[in-house]
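Chemist: Okay, sequence plus prediction incoming.
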Amino acid sequence: MSEPKGKGEGQENAPNFIHDLVREDLRTRKHGGQVVTRFPPEPNGYLHIGHAKSICLNFTTAELAERGRCHLRFDDTNPEAEDTEYVESIREDVRWLGFDWGSHEYFASDYFEKLYDCAVDLIERGFAYVDSQTLEEIREGRGDFYKPGMNSPYRDRSVEENLELFAGMRAGKFEEGAHVLRAKIDMASKDVNLRDPLMYRIRKVTHHRTGDDWCIYPMYDYAHPMSDAFEGITHSVCTLEFAHHNPLYQWFVSHFDFDPMPWQYEFARLNLTYTVMSKRLLKRLVEEGHVSGWDDPRMPTIAGMRRRGYTPAAIRRFAERIGVSRRDSIVDVGLLEHALREDLNATSPRTMAVLRPLKLVIENFPEDQEIELEAPFSPNDESFGSRRLHLTREVFIERDDFMEEPMKKWFRLAPGKEVRLRYAALVTCNEVIKDEAGNVVELRCSWDPKSKGGNAPDGRKVRGTIHWVSAKHAVDAEVRLYDRLFKDENPLDEALGGDFTSRINPESLELLEGAKLEPNLGARGPGERVQFERLGYFVVDADSTPERPVYNRTIQLKDSWAKLAKR
RNA sequence: UCCCGGGUCGUCUAAGGGCAGGACAACAGGCUUUGGACCUGUGAAUGGUGGUUCGAAUCCACCCCCGGGAACCA
C-alpha cells in the first residue's frame, strides 16, 4: 500500500515513517486492520507547537485505518503538578486544532484500581517486590553507566510479605519513602532502565481527580504501557527521549494477555528556530514576566499562537510538511510562517489601516466633498464581497510611505512625485510641512480628478500604490506589533553564553496607539483575521472592544522592499 | 570508560546498489492598482578514510561529530 515515492515533481505528501509503517501493518492485516493511537499529555502545563506535531501525527495516523481512532488520555499519575485547569486548556487546544477524539477521553487515574490489581498479579507471579531501602540506597544500588547495579537486600522477600506490604502501602500505613514497589528484572542490565525500575511510590498528596482515595501512585514506566494496553492502543507513538523506555514498555505489557498488544514507536520532537519549547523554560518566561502569560502572542503555546492569529489549518499544514523522522533537528520558523501566510493569503479579507499616520491634504479637493469608492475585500476572489470607502480632502498615509530624499528605486511618495492611493486616485506631492524641530507633519498634494478609482486617464505608468484612510472616517485603534521572541536562531546555544532570557528580542512587541483604521475594521470581533494591505495579517485581540479596537499583528507580508533597502 | 539513537543543499526532507529529487529560504527575471499574490529560471548537499562492486548516499570496516540515557518526573 505504500506507493513507491516517485522522483521529481509534486511530493505533496510529507515523508512520515510512522505512516509508512502503519500502512504496512494495514496491508498485512496486523491487529485485524485496526489502528488505535493516543495523545497522552500530562495535565501539568499548556500545550505548545511541539505537542501540535504529536497531536497531528497521532490523529492522522489513526485516520489511515477505516475505523481508526485516536484517544485523548491524560497521563495524570503524578498529583504534584497536575491540575484540572490544564485538562481544560488541553481539551480546548486539541479541539481548536481541529481534532475530535469523540467519546475516547481517558485518564490514567481512571485505571488506578486496575493498575493496582495488575501490580498484585505481578507480585504473585514473582515479577515485582516491595523494596524498603531509602532513596539513597536505591540510587546507590542502581550502579551507573559503567558499573552494574546490585540486588536490593529486599529483592527476595516472599510473595506473602510483598503482598502484605503493598496492601499496607495502599492503606496508608507507611510514610512517604518507607517502601516502593519495584519490577524484578535485572540489576546488571546494560540498560539502566531495566535495573528493577520503580512501579509505585507513596505520595500523600491530593490528586486533582481522585482526591485522597490513593496515597500510592504508579510511575510513568508502569502506568503508561498498561494504560495503552487497557485502551487497545495498537501504535503507541512518542518522542525519542522515551526510546530507552521501549524495552521496559514491552516488558510490562508482555506479562499480560493483551489483544491487541501495543508497540511503542519513537519520532524526533520538534524544535523551532527563534523560540524555546521546553515547559520548564516557557514557565520561566511567564513567571519572570518576560511575556504577559501562557497565551502571550509571542509564545509558542497553542494558546499564544491562537491569540497571535495563527490558524489551525496553517499549523496542521506545517506539521505535515516538516515530516516525521528520527533525526534531531531545528526547523526553520520560516517554514511555519510560510504555511501561515499561505493560509491567511487565501482566507483573509484585504483592508486598509495606517499604523503610523501622516496627514495628507489634497489641496484641489473641496472641503465638503466625499467621493464614494467600491473596494473589493479580495483582489481575486469575488466571493469576499466589497466595501465602500470615502475619499476626502484629508487622508492619512503611512509615514514610511513618504521619503523627503528618496533612495533610488523608491516608488512611493516623495516631493514632486506621483503615487496612487489604492482604489482612489493619483496624487502628487507639492509641499512638505514641518514643525520647528524639522519633522514632517503634513503633506500638501494635488490630485488628478480624472484618476478617480486610481486609473491613469492617459495610461501613464504610476509605479507606487500606497494605502490610506480617510481622516474623516477613520477609526482609532491600538495595534500590537509582534515579532520573534528571540534575537538568536537557537536561544539555547551554549556558545552564546549567558542565560537564554538575555537573548529575548527587545523588539518582539511594539505597541502602537492611534493607528487609523478604515471604518469596517472597528466593528470586528475578537479572533477575526484580516490583511492590512501592504503591512501584514492582523487579528482582533481578546482585549478589543467596539470603543477601543485592538489588533495584533500575526505576521508581516513578505517585504522585498525592506530587503532591497537593507543593501 | 558503558548503552541506545542519529549524521544528504543554509533549513526540513526524498532516493536505501543504477540520473542525488521536493519544499522553505536565497538569488535573477516576468507580471501586478498590495515592492503582496502569482509565474519562470539559477545557485546550493551525501561527516572522514579505506574496502566490496562495472557502478556506493545506499553494503562492509575503522574513525569523527551530534542527541539521549543512571528522578520515589513525564
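Modeler: Arrived safely.
Chemist: so who does A:P549 touch?
Modeler: Counting by C-beta atoms under 8 Å, 6 or more residues apart in numbering, A:P549 makes contact with A:475, A:477-478, A:517, A:521-522, A:524, A:540. In this view, the C-beta of every residue, glycine as well, is placed from N, C-alpha and C.
Chemist: Is it correct that A:F365 is in contact with A:T392?
Modeler: Yes. A:F365 is within contact range of A:T392, at 7.5 Å (criterion: C-beta atoms under 8 Å).
Chemist: which SS state does the closest residue to RNA strand B within the stretch 401-550 of chain A fall under?
Modeler: Residue of the stretch 401-550 of chain A nearest RNA strand B, by C-beta to the nearest atom of the strand: A:G454 (2.4 Å). At A:G454, secondary structure determined by DSSP: H, G, I helix; E, B strand; the rest coil is coil.
Chemist: what ranges of chain A fall below the confidence cut-off?
Modeler: A:1-14 (pLDDT under 70).
Chemist: So which residues of it form helices?
Modeler: For chain A, helices defined by DSSP state H occupy the ranges A:17-27, A:49-63, A:84-96, A:112-124, A:135-141, A:159-171, A:220-230, A:246-253, A:279-287, A:302-308, A:312-322, A:333-347, A:560-566.
Chemist: Using TSV, lay out these together with mean neighbour count and distance to A:P379.
Modeler: Below are the helices of chain A laid out as TSV (neighbours: other C-beta atoms under 10 Å; distance: least, C-beta to C-beta, whole Å):
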stretch	mean neighbour count	distance to A:P379
helix A:17-27	17	37
helix A:49-63	22	31
helix A:84-96	17	29
helix A:112-124	17	59
helix A:135-141	13	66
helix A:159-171	16	68
helix A:220-230	24	50
helix A:246-253	19	53
helix A:279-287	15	39
helix A:302-308	24	25
helix A:312-322	21	20
helix A:333-347	18	10
helix A:560-566	10	18
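Chemist: Using CSV, write down the CA coordinates of stretch A:80-90.
Modeler: Listed next in CSV are the C-alpha coordinates belonging to stretch A:80-90 (Å, rounded to 0.1, in the frame of the first residue of the first chain):
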residue,chain,number,x,y,z
GLU,A,80,2.1,17.1,42.5
ALA,A,81,2.0,19.4,39.4
GLU,A,82,-1.3,18.4,37.8
ASP,A,83,-4.5,20.4,37.7
THR,A,84,-7.9,20.5,36.1
GLU,A,85,-7.1,23.9,34.7
TYR,A,86,-4.6,22.2,32.4
VAL,A,87,-7.1,19.5,31.5
GLU,A,88,-9.5,22.0,30.2
SER,A,89,-6.9,24.0,28.3
ILE,A,90,-5.6,20.8,26.6
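Chemist: thinking again about what came up before, mark which of the contacts of A:P549 are part of strands, please.
Modeler: Those of those mapping onto strands are A:475, A:477-478, A:517, A:540, per DSSP state E.
Chemist: Going by distance to A:S227, which of these wins?
Modeler: Closest approach to A:S227 among these (C-beta to C-beta): A:V540, at 40.9 Å.
Chemist: what's around that closest one, how many residues?
Modeler: Neighbours of A:V540 under the rule other C-beta atoms under 10 Å: 21.
Chemist: follow-up on the earlier one: report the two of the contacts of A:P549 separated the most.
Modeler: So, those by C-beta to C-beta: farthest apart are A:E478 and A:R524, at 13.9 Å.
Chemist: Who has more neighbours out of those two?
Modeler: More crowded of A:E478 and A:R524, by other C-beta under 10 Å: A:R524, with 20 against 17.
Chemist: what residues are up against that one?
Modeler: By C-beta under 8 Å, 6+ apart, the residues touching A:R524 are A:530, A:540, A:544, A:549.
Chemist: just the residues you listed now: which is nearest A:Q556?
Modeler: For the contacts of A:R524, the nearest to A:Q556 is A:V530 (14.1 Å; C-beta to C-beta).
Chemist: Quick check: bridge partners of that closest one?
Modeler: A:F538 (DSSP bridges).
Chemist: Name the nearest residue to the closest residue to RNA strand B within the stretch 51-200 of chain A, ignoring sequence neighbours.
Modeler: Relative to RNA strand B, the nearest point of the stretch 51-200 of chain A is A:D144 (2.7 Å; C-beta to the nearest atom of the strand). What sits nearest to A:D144 in space, not counting adjacent residues and going by C-beta to C-beta, 6 or more residues apart in numbering, is A:V192, at 7.8 Å.
Chemist: can you count the residues close to A:L511?
Modeler: By other C-beta under 10 Å, the residues close to A:L511 number 9.
Chemist: That one and A:A477 touch, don't they?
Modeler: No. Contact status for A:L511 versus A:A477: not in contact, 11.6 Å apart, counting by C-beta under 8 Å.
Chemist: quick one: contacts for the residue nearest to A:R341 when sequence neighbours are not counted?
Modeler: Distances taken as C-beta to C-beta, 6+ apart put A:I555 closest to A:R341, at 6.2 Å, once the chain neighbours are dropped. Contact analysis of A:I555 by C-beta under 8 Å, 6+ apart lists A:309, A:337, A:340-341, A:344, A:536-537.
Chemist: Among those, find me the one that's closest to RNA strand B.
Modeler: Among the contacts of A:I555, and counting by C-beta to the nearest atom of the strand, the member closest to RNA strand B is A:R341, at 6.0 Å.
Chemist: In this structure the closest one contacts A:K558, no?
Modeler: Yes. Counting by C-beta under 8 Å, A:R341 touches A:K558, with 7.2 Å between them.
Chemist: Get me the contact residues on the stretch 51-200 of chain A for RNA strand B.
Modeler: A:75, A:77-78, A:80-81, A:133-135, A:138-139, A:142-146, A:176-177, A:180, A:190-193, A:198 (C-beta under 7 Å from any atom of the strand).
Chemist: Output stretch A:147-158 in CSV with nothing but the alpha carbons.
Modeler: Extracted C-alpha coordinates of stretch A:147-158, given in CSV (Å, rounded to 0.1, in the frame of the first residue of the first chain):
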residue,chain,number,x,y,z
LYS,A,147,29.0,-0.2,36.8
PRO,A,148,26.2,-2.8,37.1
GLY,A,149,23.7,-2.5,39.9
MET,A,150,23.4,-4.6,42.9
ASN,A,151,20.4,-6.5,44.2
SER,A,152,18.5,-5.0,47.0
PRO,A,153,18.5,-7.0,50.2
TYR,A,154,14.7,-7.0,50.0
ARG,A,155,14.6,-8.4,46.5
ASP,A,156,13.9,-11.9,47.6
ARG,A,157,11.0,-11.2,50.0
SER,A,158,8.3,-13.8,49.9
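Chemist: Identify the residue spatially nearest to A:L443, adjacent ones excluded.
Modeler: Closest residue to A:L443 apart from its sequence neighbours, by C-beta to C-beta, 6+ apart: A:L360 at 4.6 Å.
Chemist: which ones are touching that neighbour?
Modeler: Taking C-beta under 8 Å, 6+ apart, we find A:L360 in contact with A:394-397, A:427, A:442-443, A:445, A:468.
Chemist: Now with 6 Å, please.
Modeler: A:395, A:397, A:443, A:445 (C-beta atoms under 6 Å, 6 or more residues apart in numbering).
Chemist: Next one: the last one from A:T428, what distance?
Modeler: Meaning A:C445. Per C-beta to C-beta, to the nearest Å, A:C445 is found 6 Å from A:T428.
Chemist: Those two: who's more crowded?
Modeler: A:C445 (24 against 16).
Chemist: The more buried one contacts A:L426, correct?
Modeler: No. Using C-beta atoms under 6 Å, A:C445 is not in contact with A:L426; the gap is 9.9 Å.
Chemist: Quick check: the residue nearest to A:L443 vs A:I466, distance?
Modeler: Applying C-beta to C-beta, the value for A:L360 to A:I466 is 10 Å.
Chemist: residue ranges of the strands in the stretch 301-450 of chain A, please?
Modeler: Ranges of strands in the stretch 301-450 of chain A, per DSSP state E, counting those that start in this stretch, are A:350-351, A:353-354, A:357-362, A:371-376, A:386-391, A:394-398, A:418-421, A:425-434, A:440-447.
Chemist: most packed of those strands?
Modeler: With neighbours defined as mean count of other C-beta atoms under 10 Å, these peak in mean count at strand A:353-354, which reaches a mean of 27.
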